[in-house]
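*Asks:* Sequence plus the predicted model coming up.
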Amino acid sequence: MRERCEEKKEWASSRTFQVTGLDCADCAAKLEKAVRRVPGVVSAAVAFPQGRLSVHLDEAGLEDEIILRKVRALGYDATAEERGAFEGRESTFRIFGLDCVDCAARLEKGIRGIPGVERADVDFSSSKAHVVHRGPVSDILATLERMGYPGRIDQPLKSREALPFWKTNIYILPTAVSLVMLMSGFISGIAGAPGGTATAFFAAGIALGGFLPLRNGISVLVNARELDMNVLMMTAVIGAAALRQFEEAATVVFLFSLGNALQGYTLDKTRNAIRSLMDLSPAEALIRRRGAETTLPLEEIRIGDVMIIRPGERIAMDGLVAAGVSTVNQAPITGESLPVEKAVGDEVFAGTINERGALEVHVTRSAGDNTLSRIIGMVERAQARRAPSQQLIEKFARFYTPAVLVGAFLVATLPTLVFGEPFSKWFYEAMAMLLVACPCALVISTPVSVVSAIGSAARRGVLIKGGAYLEEMGSLTVMAFDKTGTLTAGKPRVTDVLPAAGHSEEEILAIAAAIECRSEHPLGEAIYRNAREKGLSIPSMTDFDSVPGRGAVGTVAGTSYSIGNARFFLERGWDLEEMEKGIAGLQNEGKTVVILGGGASILGLIAVADVLRENSRQALEDLRKIGIRKTIMLTGDHESTARVVAAQAGVDEFRADLLPEDKMEAMNDLLARYRKVAMVGDGVNDAPAMAVSTVGIAMGTAGTDAALETADIALMADDLTKLSYAVELSRRTLRIIKQNIFAALVIKGAILLLVFPGWLTLWLAVVGDMGSSLLVTLNAMRLLRDGRREERR
Ligand SMILES: Nc1ncnc2c1ncn2[C@@H]1O[C@H](COP(=O)(O)OP(=O)(O)OP(=O)(O)O)[C@@H](O)[C@H]1O
Ligand SMILES: [Zn+2]
């Protein structure tokens, strides 16, 4: 359809650059524009908060240097990512048995210490380590092993085969062994076996079941010189054994292993909420090359291959439909329950399900780079990011543990020294107190909740880029919306053509289309589409230039034409008096008026109208119901048009005639007034406003990489009703975090109090510690379940 427009090419490769010195969202927009003008560049987008420039190229050949030069010419510096610029390679490891946030941080430190490692991030929530290194992988695996966490190189595409269940959780074996030993000890005690048999069983139970925590504890002491649950546990068990309390020590070892096994299991459940998304895309696809059809594994499929998808099959790769029509169920990616129509030129995503017809699809992205794996990557990174409330708790935990340790020392010594109490009794109490010193449940209370919430949201097509945004979302009272493409469908149609005297409708449309053919603006596309539909022959055009927020210019048959809004013409000194009535009339109907002028006269007006999204009104109403006090529409459109659309959508306020940079100003103004304001947009001309807002929310991001990258929260589908879901999810999460913190503190506190009458026992301390961690995790998992329940509805 756009065969005449060279600019509309598909891109063949993409590059990313890390830009330094970008200090305003506005400059980011300028940089973006400048890079887009580089020949060979199909599109460019700057993710302002990350300072990342991503560029799509029409062929792989373009040197990074050309883009870098452009960036430097604008006064910034940049480095290219991945290819060439960096010699190290990145490996991802799956880690087993990672059961506390603290351990993840420690492991990270350990890996960073390996020679040749440039960067290491251990992600507690996904149980993965991302390492950039020059040395061999085996060095890293060995260190993981030594620190007590066996790891494996992670191959998301291949490693689908399941591990035997006792290997997925390193605590299952010790739990089973210590249980058998414990039972044998009890039975031989009851059966009156020769003296020492029971003790031998208990001792064996302690040794075999306690081996893992002992090894982990030692590696912690050696590597990080910090205390953790393993160290506290082993000290307590050794102390109990010294008091000849073998039976109890063996029980404690068993309970500890059991607790860890259960905790590991529940944590895996939360993590799998995301990983199960990965399993959605098939491992192979039917590919046609040189006329022959073969089934190939994903790794062997190349960009540009033609993939054949039969009805009922899952799509394996991202691509563009080259032949066929069908409906595709995109719920796995976008959370939309209704299937979406697909025809030639439409984008399809890996992991979605082809329903009715057969499709031929041109593969546009490699398996590791497709939308699904990017979503999973983003979610996992988001889960790793610390929420503000988490940092507070970690600070508290840092001083809670030493305080309890000092307490334990006093309990061991004071009663004997001051009151002459028996030492062994209070020494035992002190041992039990050691176990209470572990702040696990407290430390884990927030991250498990955030992980569950982010995971649950991802399954419903809402991508939350970090705990911080999740927390902010629930405290919002004001939301701003972009008009075009956000409140409205963003698919405007030409409704009226009003020629000035001496001109015809066809003439105006044809010239307008000739210029707009090169424009990226939805208005331009509407005009071009309308001219094509009417079968007009569209003349060729030269000297195109687009003027953001205003319009465009171009030369057709030797005459220079301008097309755009009234502001554009008035700024250039045109007289619009004659057209004023026509313009106002159309605007009062909620239509956007595009003026065409050429030579010295106005040729006519074209009115374009966009329909409101079906559920915009509903979505805004839902938001009001859950306590969003004010909704505001920001638009570049004319005030009269804006007023009509604002009334239709039911927003409380609107600001019109905003240039893209004004939108950011308007947002700053709103922020000054209301402190916390979200910006909901489509990322087209509202990225700067989104960047300065409290939470930038982009919608319809499934196909648009740039918006997906820039937004703090991305709605994969064009569904505004997901906003109230996100707000409520956030509030539910905060509620669960508070419950968790409260429960953890109360349980620990109650157990600590038992010390005073001397009632605290080792097993009570272990059950209290393990129980509260489990409780907190299970409570957080309700966030996952709630989401699923609603999904089924
Ligand atoms: N290519 C173009 N052709 C015609 N008019 C244009 C073009 N580009 C911009 N304009 C005019 O400039 C105005 C502002 O454009 P801008 O892209 O900033 O916002 P918008 O399209 O109104 O959408 P939003 O509601 O998202 O702000 C448009 O309403 C239109 O009148
Ligand atoms: Zn603990």
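*Replies:* Sure, I can see it. Ligands and ions are numbered 1, 2, ... in the order given.

*Asks:* For stretch 494-508, the averaged confidence score.
*Replies:* Throughout stretch 494-508, pLDDT has a mean value of 92.

*Asks:* hmm, that stretch in reach of ligand 1?
*Replies:* No. Stretch 494-508 is not in contact with ligand 1 by C-beta under 6 Å from any ligand atom; minimum separation 11.4 Å. For every residue, glycine as well, the C-beta is placed using N, CA and C.

*Asks:* Name the residues of that stretch that are buried.
*Replies:* Neighbour-count burial for stretch 494-508, with 16 or more other C-beta atoms under 10 Å as criterion, is recorded at 494-500, 503, 507-508.

*Asks:* how far out from the middle of the chain is stretch 683-694?
*Replies:* Its chain's C-alpha centre and that of stretch 683-694 lie 17 Å apart, by C-alpha atoms, centre = their mean, to the nearest Å.

*Asks:* got it, and stretch 774-782?
*Replies:* Distance of stretch 774-782 from its chain centroid, counting by C-alpha atoms, centre = their mean, is 22 Å.

*Asks:* Repeat that for stretch 675-682.
*Replies:* Distance of stretch 675-682 from the chain centroid (C-alpha atoms, centre = their mean) equals 17 Å.

*Asks:* Wondering if it reaches ligand 1 at all.
*Replies:* No. Using C-beta under 6 Å from any ligand atom, stretch 675-682 never reaches ligand 1; the gap is at least 7.3 Å.

*Asks:* With just CA atoms, put that stretch into PDB.
*Replies:* Only the C-alpha atoms of stretch 675-682 are listed here, as PDB (Å, rounded to 0.1, in the frame of the first residue of the first chain):
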ATOM      1  CA  ARG A 675       3.100  16.000  43.200                       C
ATOM      2  CA  LYS A 676       2.400  12.600  41.700                       C
ATOM      3  CA  VAL A 677       1.000  12.400  38.200                       C
ATOM      4  CA  ALA A 678       1.000   9.500  35.700                       C
ATOM      5  CA  MET A 679       1.300  10.200  32.000                       C
ATOM      6  CA  VAL A 680      -0.500   7.700  29.800                       C
ATOM      7  CA  GLY A 681       0.500   7.900  26.100                       C
ATOM      8  CA  ASP A 682       1.500   5.900  23.100                       C
END
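
*Asks:* Need the contact partners of that stretch.
*Replies:* 472-473, 475-482, 484-486, 490, 634, 667, 670-671, 686-687, 689-690, 692-700, 704, 707, 720, 723 (C-beta atoms under 8 Å, 6 or more residues apart in numbering).

*Asks:* out of these, who's near ligand 1?
*Replies:* Filtering the contacts of stretch 675-682 for proximity to ligand 1 by C-beta under 6 Å from any ligand atom leaves 482, 484.

*Asks:* Mind telling me what element the closest residue to ligand 2 within the stretch 651-793 of the chain is part of?
*Replies:* Proximity of the stretch 651-793 of the chain to ligand 2 (C-beta to the ion) peaks at Asp769, 4.3 Å away. In the assignment (DSSP states H and E), Asp769 maps to helix 762-792.

*Asks:* Check which helices and strands that helix sits against.
*Replies:* In terms of contacts (3 or more C-beta pairs under 8 Å, 6 or more residues apart in numbering; DSSP states H and E), helix 762-792 is packed against helix 229-242, helix 246-278, helix 423-436, helix 440-459, helix 722-753.

*Asks:* Out of those, which gets nearest to ligand 2?
*Replies:* Among those, the nearest to ligand 2 by C-beta to the ion is helix 440-459 (2.8 Å).

*Asks:* which helices and strands does that closest one pack with?
*Replies:* Using 3+ C-beta pairs under 8 Å, 6+ apart, helix 440-459 sits against helix 101-112, helix 246-278, helix 371-384, helix 388-419, strand 462-464, helix 467-475, helix 722-753, helix 762-792.

*Asks:* Identify whichever of the ones you listed lies nearest to Ala432.
*Replies:* Ranking those by distance to Ala432, with C-beta to C-beta as the measure, places helix 762-792 first at 4.5 Å.

*Asks:* contacting residues around Leu670?
*Replies:* If you count contacts by C-beta under 8 Å, 6+ apart, Leu670 has them with 478, 480, 632, 677.

*Asks:* again with Asn370
*Replies:* 281, 317-318, 349-350.

*Asks:* TSV for those residues, including pLDDT, secondary structure and distance to Arg290?
*Replies:* Shown next, in TSV, are the contacts of Asn370 (pLDDT from 0 to 100; DSSP: H, G, I helix; E, B strand; the rest coil; distance: C-beta to C-beta, whole Å):
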residue	pLDDT	secondary structure	distance to Arg290
Ser281	78	coil	25
Met317	91	coil	19
Asp318	91	coil	23
Phe349	91	coil	27
Ala350	90	coil	24
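
*Asks:* can those go into TSV with extra columns for neighbour count and distance to ligand 2?
*Replies:* TSV is the format used below for these (neighbours: other C-beta atoms under 10 Å; distance: C-beta to the ion, whole Å):
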residue	neighbour count	distance to ligand 2
Ser281	23	38
Met317	29	44
Asp318	29	43
Phe349	23	42
Ala350	24	40
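
*Asks:* Checking the residue of the chain found nearest ligand 1 next. Helix, strand or coil?
*Replies:* Across the chain, the shortest distance to ligand 1 (C-beta to the nearest ligand atom) belongs to Gly636, at 2.7 Å. Secondary structure state of Gly636, per DSSP: H, G, I helix; E, B strand; the rest coil, is coil.

*Asks:* okay, now it: neighbour count?
*Replies:* Gly636 has 24 neighbouring residues, counting by other C-beta atoms under 10 Å.

*Asks:* That one contacts Pro660, correct?
*Replies:* Yes. Gly636 is within contact range of Pro660, at 6.9 Å (criterion: C-beta atoms under 8 Å).

*Asks:* joint contacts of the two?
*Replies:* Both Gly636 and Pro660 are in contact with 549, 685, where contact means C-beta under 8 Å, 6+ apart.

*Asks:* that older thread, would you mind listing the residues in contact with the residue of the stretch 651-793 of the chain closest to ligand 2?
*Replies:* Asp769 sits next to 229, 259, 435-436, 438, 440-441, 748 when contact means C-beta under 8 Å, 6+ apart.

*Asks:* Then Val755?
*Replies:* 407, 411, 429, 432-433.

*Asks:* May I have the predicted confidence score for it?
*Replies:* The model reports Val755 with a pLDDT of 84.

*Asks:* That one in helix, strand or coil?
*Replies:* Applying three-state DSSP: Val755 is coil.

*Asks:* Relative to Gly549, how far out is Trp763?
*Replies:* With distances taken as C-beta to C-beta, to the nearest Å, Trp763 is found 70 Å from Gly549.

*Asks:* Much appreciated, bye for now.
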